[in-house]
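Novice: Take a look and give me a structure for this.
(one chain, ligands or ions: 1)
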Amino acid sequence: MGIDMEMERVFRMNAGLGDSSYAQNSILLQRRGLEIVEPVLEEAILSMKMMSEFNTFCIADLGCSSGPNALFTAENITKTLKAKYMSAGIPVPQCQNEEGVAGRSYFAAGVPGSFYGRLFPDKALHFVHSSFGLHWLSQVPAEILEKNSVTWNKGKIFCGGESQAVGEAYFRQFQKDFNTFLRARADEMVGGGRMLLLLLGRTPHDPIDQGYIALQWELLEISLNDLVKQGLIEEEKVDSFNIPMYCPCPGEVSNEIAREGSFEIQRLELLRRSENFPREEMEAITGSASAKDAYGQKLAKQLRAVMESLMKHHFGEEIMDALFERYGEILGRRLSERIEYGKRGGYLVLVLQRR
Ligand SMILES: C[S@@+](CC[C@H](N)C(=O)[O-])C[C@H]1O[C@@H](n2cnc3c(N)ncnc32)[C@H](O)[C@@H]1O
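Specialist: Next up is the predicted model:
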């Protein structure tokens, strides 16, 4: 993906309910993560100060996409909130949920625009949730596309090569974006309001070791280069494609929060993916070659549901089937490596309170 690409315009999860839709392919990683942090979400709401001075309690789920995960989160938040007010004998405030889901026990609305910018009026929000959105950068760092510079990421598609300069360029982009996110939310949230952020993070300090997610991108890189060898993609197309994702380590995140200054950290932890694999993944890893292959193809669909919009935009729709099939094959063969990679990263969970 080039710098010219506007993430906001192009990047979206695969829509609908089809075979490669996000709705059907967001269970193994995202839904599992949401279920694991459910108690953290409940605790974040239950331990928040009562906001009985407000008739309306405004919740924003930023980057909620569509489908079952969006509903799961919205309902968990409103259910917990209602239980909290009812048990204290305080009238339950009306809930306004700023996301693209049909209204249920709350009033729902969708707000267009990037969360790396203002989306709501001053002091409008009481609770903010965002899952699996903040590791996505607003853009690929410009320096890594500068041909023949030290930061040029030739032949690579993420910040997982040998180059420290590339890793640092990605890190600077993350710092800039995360700071913009925090500043916008600081303006939009009421004092005492809380925010739960769930994103992919890593344990190593070195930015060029992207932890758990690195295997996924390494194998996608190999798949793309295989299609170059087959003459299906031009080499230059791979050189100019980079994934706008950065998985931070906990220290990078806490430094940015301290530097921005509007939020107090209530909780910050990294849950290693290797300790949270679904049972079917462990069964596939220890299973036969055909079980590994089938699981590799299943994981390829999960990646396709998230990445297809960006890949299609850059490489063209005609190679999508070949690309993700190749990726699934390679992943199936290297499935057991996910355990080692999974020890180096996973779910980064944060609960912040607006000062
Ligand atoms: C992997 S999906 C996560 C969806 C859902 N929150 C979940 O947990 O399943 C990432 C979502 O973040 C959104 N996203 C990424 N960058 C964004 C940005 N800068 N502003 C708003 N949404 C963004 C994507 O469009 C997508 O809907």
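
Novice: Pull out the buried positions in stretch 138-146.
Specialist: Neighbour counts over stretch 138-146 (16 or more other Cβ atoms under 10 Å) mark 138-141, 143-145 as buried. Every residue, glycine included, has its C-beta placed from N, CA and C.

Novice: closest to the ligand among those?
Specialist: Ser138 (5.7 Å; Cβ to the nearest ligand atom).

Novice: ok, that closest one to Gly113 distance?
Specialist: Going from Ser138 to Gly113 by Cβ to Cβ, to the nearest Å gives 12 Å.

Novice: Would you mind naming what in the stretch 251-355 of the chain lies close to the ligand?
Specialist: Proximity of the stretch 251-355 of the chain to the ligand, by Cβ under 6 Å from any ligand atom, involves residues Val306.

Novice: all strands for the stretch 251-355 of the chain, in order.
Specialist: 263-272, 345-354 (DSSP state E, counting those that start in this stretch).

Novice: Let me know which of those is the nearest to Val37.
Specialist: strand 345-354 (5.4 Å; Cβ to Cβ).

Novice: burial count for whatever residue of the stretch 251-355 of the chain ends up closest to the ligand?
Specialist: Residue of the stretch 251-355 of the chain nearest the ligand, by Cβ to the nearest ligand atom: Val306 (5.3 Å). Neighbour count for Val306, taken as other Cβ atoms under 10 Å: 22.

Novice: leaving aside the residues next to it on the chain, what's closest to it?
Specialist: Leaving aside its chain neighbours, Val306 sits nearest to Met13 (6.0 Å; criterion: Cβ to Cβ, 6 or more residues apart in numbering).

Novice: Let me know the outermost residue of this structure.
Specialist: Most distant from the centre of the chain: Gly89, at 37.2 Å, with distances by Cα atoms, centre = their mean.

Novice: What angle do strand 345-354 and the helix or strand hosting Gln175 make with each other?
Specialist: Using DSSP states H and E, Gln175 sits within helix 164-188. Here helix 164-188 points in a direction 30 degrees away from that of strand 345-354 (axes from the mean of the first three to the mean of the last three Cα atoms, to 10 degrees).

Novice: Can you name the residues that contact Leu323?
Specialist: When contacts are counted by Cβ atoms under 8 Å, 6 or more residues apart in numbering, Leu323 touches 223-224, 227, 311, 315.

Novice: Go through these and name the one nearest Tyr106.
Specialist: Met311 (35.3 Å).

Novice: Provide a list of residues in contact with Cys249.
Specialist: 201-205, 211, 270.

Novice: just curious, which of these is nearest to the ligand?
Specialist: Gly201 (14.6 Å).

Novice: Direction included, what does whatever helix or strand that closest one lives in pair up with?
Specialist: Using DSSP H and E, Gly201 sits within strand 189-202. Applying DSSP bridges to the sheet, strand 189-202 is found paired with strand 125-131 (parallel), strand 345-354 (antiparallel).

Novice: wait, which of those is closest to Val150?
Specialist: Of the strands paired with strand 189-202, the one closest to Val150 (Cβ to Cβ) turns out to be strand 345-354, at 26.3 Å.

Novice: the helices in the stretch 51-200 of the chain, which residues?
Specialist: Secondary structure of the stretch 51-200 of the chain, counting by DSSP state H, counting those that start in this stretch: helices at 68-87, 164-188.

Novice: Any idea which of the ones you listed gets closest to the ligand?
Specialist: helix 68-87 (3.4 Å).

Novice: And the closest one, what does it pack against?
Specialist: helix 32-36, helix 38-46, strand 56-61, strand 94-98, strand 125-131 (3 or more Cβ pairs under 8 Å, 6 or more residues apart in numbering; DSSP states H and E).

Novice: Is the ligand within reach of that helix?
Specialist: Yes. Looking at helix 68-87 against the ligand by Cβ under 6 Å from any ligand atom, the contacts come from Asn69.

Novice: Could you export that helix as CSV, CA atoms only?
Specialist: C-alpha atoms of helix 68-87 as CSV (Å, rounded to 0.1, in the frame of the first residue of the first chain):
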residue,chain,number,x,y,z
PRO,A,68,-21.8,-10.1,15.7
ASN,A,69,-18.8,-8.6,17.4
ALA,A,70,-20.2,-5.1,17.3
LEU,A,71,-23.5,-6.3,18.8
PHE,A,72,-21.7,-8.4,21.4
THR,A,73,-19.8,-5.4,22.7
ALA,A,74,-22.6,-2.9,22.6
GLU,A,75,-24.9,-5.3,24.5
ASN,A,76,-22.2,-6.2,27.1
ILE,A,77,-21.6,-2.5,27.9
THR,A,78,-25.3,-1.6,28.2
LYS,A,79,-26.2,-4.7,30.2
THR,A,80,-23.4,-4.1,32.7
LEU,A,81,-24.3,-0.4,33.0
LYS,A,82,-27.9,-1.1,33.6
ALA,A,83,-27.1,-3.7,36.3
LYS,A,84,-24.8,-1.2,38.0
TYR,A,85,-27.4,1.5,38.2
MET,A,86,-30.2,-0.8,39.2
SER,A,87,-28.2,-2.4,42.0
